[in-house]
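Novice: Please find the sequence and the predicted model below.
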Amino acid sequence: MALVEREQSLLRSIWVPLVLTAMLSLVVVIVDSTGDRILARTATDALIRMVLVIGLYIFIGNSGVLAFGHIGFTMIGAYATAWFTLPPLKKSMALQLPALLAERQLPAIPAAVLAGLLAAVVAAITGFPIMRLGGIAASIATLAVLGMLYTFYTNWSAWTMGAATLPGIRLYVDMWVALGWVVVALVAAYAFQQSRIGLALRASREDEFAARAAGISIWRVRLVAFVLSAFFMAIGGVLQAHFLGAIAVKNFWLSLTFVSIAMLIVGGQRSLTGAVVGTAVVSAIVEVLRQFEMGVSIGSTVLQVPLGARELGIAVVMLLILVFRPAGITGGREIPWLFGLGGGGPGRPSPDPALAPGPPAGS
Amino acid sequence: MDTNIVQVAIDALALGSLYAHTALGIGLIFGVMRLINFAHGDFLMVGGYSLIVPSSAATATLFIGAWPAPLLVAAVCVIVVLLALACERLAFRPLRRAAPSVLLITSFAVSYFLENAVIMIYGGRPKTMNLWQGLMEPILVADVRIPKLQIVTIVVTLALLVLLAVFLRRTPMGVAMRAASEDFRMARLLGVRANRVIAVAFAISGFLAAATSFLLVAQTGTLSYHMGVSLVLFGFVATVIGGMGSLAGAVIGGFAVGIVSVLFQVVLPIAWRPNRDVWVYGMILLVLLLRPSGLIKVKSIEERA
């Protein structure tokens, strides 16, 4: 294992996203080789969720501020890609868009990037005042933004078909496309958290007053994270739209918000590894319970749980994980560096207030 | 405009009452354990469903709902209070030391569990049921026909507020609870029993949820597994607007959100009315930006935020 020092430091600087990418690719290759189409769909769905959870992590994980509004950006992304990629004929039947949009049709990737940028612009505008707030007020303010977007999109029939489902979106997302975007999100999230701004943001998470005293503008670093995270939330929406082929405003509301935040918290909100692990574990549990709902034969006996037990199972498993690991499965750690121990590294855990002993209410 | 001012005022107060209940239920628990309890909406949902016979049939058959009113009220209150206590014991107590975000997610999980349990037992479709139909009869107040129910809602809320205020100020448990909201560690050092205070907070919160469920079911005449969601959402918002940790703030916040919603319904041009909630959320945002710690500031919260 004698790596040359220079190579070692390079490897080390990309270690976490590299290992995560390798593990995810391995899973995708294995799933692909089974040829099981249902399993492949499940995996694609999980990878799309992972983009969302990484998007959430960029803001929530690094800033420590819980935000409830990010699914609004996912909705912006999903509808934007529909506006950009639907064939003009379909557009003219379902929507009343301005000529600039109505007559054009963009290829998949420019449409996705534009959709992400649109959400980023909305995030910049809304985040500009909101990021001045701290703690619970910021959380509720983002929830209010989600409420505004949701209500507005529900009633904005000319562009969104209102409460109806917007069908006919081109299906191009498979496991590999989703994996590609997960890798992009991983690299971006990791680059951000190791960047000057990312480190400043993480410092403000640990101790707001010390960070201020060190000259960090918390408003500025939070805003940057908010905008970057909105971009990837929108990409998640784009992927979902092109995976399901149809979108409806009602799918971008509280249940998706809760599920994605839950995945992050279950995995460990304080590390990128946690975001990936949380999504993978929760998705795997859902899949296993789904199998049990259909009946699993072990030897000669068929085990089958009643319909609806899946949802109850998810809730119970999540509760158990939280009870036994309140800081999430990873406890906020990244993937440990395997080559030697010198001087900490990306895997070094940061002290976690969630685990600190204290009075029941915390303090 | 032909809308009568008395009518608008009563509408606003009635809606505000419901929000104030919910905000109080959430605010009480937040005060003692920093838990934002999203499952509060499911407590009241279970209260509503307990009125009917458990079955997945499309039409609801009254069960407890057919009992005489005093018995009915007592039975539902007991059920919801027990449910709240069970959730506290099984889900929240083991996590008491966890970060607020973990507690919040725990309450999502509890909420998800309760909703799906109800779907499993009663089916996922909304059911119609009539509870206390007499309450929908209008009475004349200053030449306006007001449904009795709205008056009842307002009166019940005021009565509950007075009761709660007396409890918090005059009983040893109430004083302990206020002390615990102020500084939990200090309160424990001075002999306040953490488990008991938190359990009582959950019991009261369950009791409030039961009260809300009667009023809501009587008003809408429908049961659905997500009937508590929008209420708890606005209740939660009201708690923050009022000032997290302040019970008076929760009540004021609840009434403020209710009044603002009804006012926008009246003053917005007809074409904009479907988008009323955009304006309501916009107002919420504005209040937060202008007064980040809420209308009533609580010192102990400010330092933790």
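Specialist: Sure thing, it's come through. Numbering: from 1, shown residues only, chains lettered A, B, ... in the order given.
Novice: How about the residues of the stretch 51-200 of chain A by chain B?
Specialist: Within reach of chain B by Cβ under 8 Å from any Cβ of the partner chain, the stretch 51-200 of chain A has these residues: A:66, A:129-130, A:132-137, A:140-141, A:143-145, A:147-148, A:151-152, A:154-155. From N, CA and C alone the C-beta is placed, and that goes for glycine too.
Novice: same thing but 7 Å
Specialist: By the rule Cβ under 7 Å from any Cβ of the partner chain, the part of the stretch 51-200 of chain A lying against chain B is A:66, A:129, A:133-137, A:140-141, A:144, A:147-148, A:151-152, A:155.
Novice: Return the subset of the residues you listed lying in helices.
Specialist: A:129, A:135, A:136, A:137, A:140, A:141, A:144, A:147, A:148, A:151, A:152, A:155 (DSSP state H).
Novice: Now restrict the residues of the stretch 51-200 of chain A next to chain B to buried residues only.
Specialist: Neighbour-count burial (16 or more other Cβ atoms under 10 Å in any protein chain shown) is assigned, among those, to A:66, A:133-137, A:140-141, A:144, A:147-148, A:151-152, A:155.
Novice: tell me the mean pLDDT for the one helix or strand residue B:199 maps to?
Specialist: Element membership of residue B:199, judged by DSSP states H and E, is helix B:194-220. Mean pLDDT, computed over helix B:194-220, is 91.
Novice: same for that helix, what does it pack against?
Specialist: helix B:5-33, helix B:40-49, helix B:69-87, helix B:148-170, helix B:172-182 (3 or more Cβ pairs under 7 Å, 6 or more residues apart in numbering or on different chains; DSSP states H and E).
Novice: dump the residue contacts of residue B:292.
Specialist: Residue B:292 sits next to A:133, A:137 when contact means Cβ atoms under 7 Å, 6 or more residues apart in numbering or on different chains.
Novice: any idea how far residue B:104 is from it?
Specialist: To residue B:104, residue B:292 is 19 Å away according to Cβ to Cβ, to the nearest Å.
Novice: try residue B:96
Specialist: For residue B:96 relative to residue B:104 (Cβ to Cβ), the value is 14 Å.
Novice: neighbour count winner among the two?
Specialist: residue B:104 (24 against 21; other Cβ atoms under 10 Å in any protein chain shown).
Novice: okay, the one residue in the stretch 51-200 of chain A that gets nearest to chain B: pLDDT?
Specialist: As assessed by Cβ to the nearest Cβ, chain B sits closest to residue A:135 within the stretch 51-200 of chain A, at 3.3 Å. pLDDT recorded at residue A:135 is 78.
Novice: Show me the shaky parts of the stretch 251-363 of chain A.
Specialist: Applying pLDDT under 70 to the stretch 251-363 of chain A picks out residues A:307, A:340-363.
Novice: Helices of that one, residue ranges please.
Specialist: A:254-267, A:272-294, A:309-324 (DSSP state H, counting those that start in this stretch).
Novice: Tell me which of those sits most buried.
Specialist: helix A:254-267 (a mean of 24; mean count of other Cβ atoms under 10 Å in any protein chain shown).
Novice: so does that helix get close to chain B?
Specialist: Yes: Helix A:254-267 reaches chain B (Cβ under 7 Å from any Cβ) through A:254, A:258, A:261, A:262, A:265.
Novice: ok, now which ones touch residue B:162?
Specialist: Not one residue lies near residue B:162 by Cβ under 7 Å, 6+ apart.
Novice: Please apply the same query to residue B:64.
Specialist: Here residue B:64 is in contact with B:50, B:51, B:72, B:75, B:76 (Cβ under 7 Å, 6+ apart).
Novice: now, which of these sits nearest chain A?
Specialist: Out of the contacts of residue B:64, the member with the shortest distance to chain A (by Cβ to the nearest Cβ) is residue B:50, at 18.7 Å.
Novice: what's the burial count for that closest one?
Specialist: By other Cβ under 10 Å, neighbour count at residue B:50 equals 20.
Novice: and it, what does it touch?
Specialist: Residues counted as contacts of residue B:50 (Cβ under 7 Å, 6+ apart) are B:64, B:76, B:79.
Novice: do that again at 10 Å, thanks
Specialist: The contact partners of residue B:50, by Cβ atoms under 10 Å, 6 or more residues apart in numbering or on different chains, come to B:63, B:64, B:65, B:72, B:75, B:76, B:78, B:79, B:80, B:83, B:210, B:213.
Novice: what's the answer for residue B:238, then?
Specialist: Listed by Cβ under 10 Å, 6+ apart, the contact set of residue B:238 reads B:16, B:19-20, B:22-24, B:26-27, B:249-258, B:284, B:294.
Novice: do residue A:54 as well
Specialist: Here residue A:54 is in contact with A:20, A:61, A:181-182, A:184-186, A:188-190, A:229, A:232-233, A:235-236, A:264, A:272, A:275-276, A:279 (Cβ under 10 Å, 6+ apart).
Novice: quick one on the thing from earlier: could you dump the helices and strands packed on helix B:194-220 to a markdown table with mean pLDDT?
Specialist: Output for the helices and strands packed on helix B:194-220, formatted as a markdown table (pLDDT from 0 to 100):
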| stretch | mean pLDDT |
| --- | --- |
| helix B:5-33 | 89 |
| helix B:40-49 | 93 |
| helix B:69-87 | 92 |
| helix B:148-170 | 90 |
| helix B:172-182 | 88 |
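Novice: of those, which approaches residue B:118 most closely?
Specialist: Closest of the helices and strands packed on helix B:194-220 to residue B:118 is helix B:40-49, at 5.7 Å (criterion: Cβ to Cβ).
Novice: any idea how far that closest one is from the chain center?
Specialist: Distance, stretch centre to chain centre, for helix B:40-49: 10 Å (Cα atoms, centre = their mean, to the nearest Å).
Novice: who does that helix touch, helix- and strand-wise?
Specialist: If contacts are counted by 3 or more Cβ pairs under 10 Å, 6 or more residues apart in numbering or on different chains; DSSP states H and E, helix B:40-49 sits against helix B:5-33, helix B:69-87, helix B:100-122, helix B:194-220, strand B:222-223, helix B:229-242.
Novice: How about residue A:138, nearest residue that isn't a chain neighbour?
Specialist: Using Cβ to Cβ, 6 or more residues apart in numbering or on different chains and skipping residues adjacent in sequence, the residue nearest residue A:138 is residue A:65, 5.1 Å away.
Novice: what does residue B:41 give?
Specialist: Residue B:41's closest residue in space is residue B:228 (Cβ to Cβ, 6+ apart), at 2.6 Å.
Novice: Just the pLDDT for that neighbour.
Specialist: 88.
Novice: I'd say it and residue B:37 touch.
Specialist: No: assessed by Cβ atoms under 10 Å, residue B:228 is found out of contact with residue B:37, at 11.3 Å.
Novice: which of those two has more neighbours?
Specialist: residue B:37 (32 against 29).
Novice: shaky segments in the stretch 1-150 of chain A?
Specialist: For the stretch 1-150 of chain A, the stretches with pLDDT under 70 are A:1-3.
Novice: how about the strands of it, start to end?
Specialist: Here the stretch 1-150 of chain A has no strands by DSSP state E, counting those that start in this stretch.
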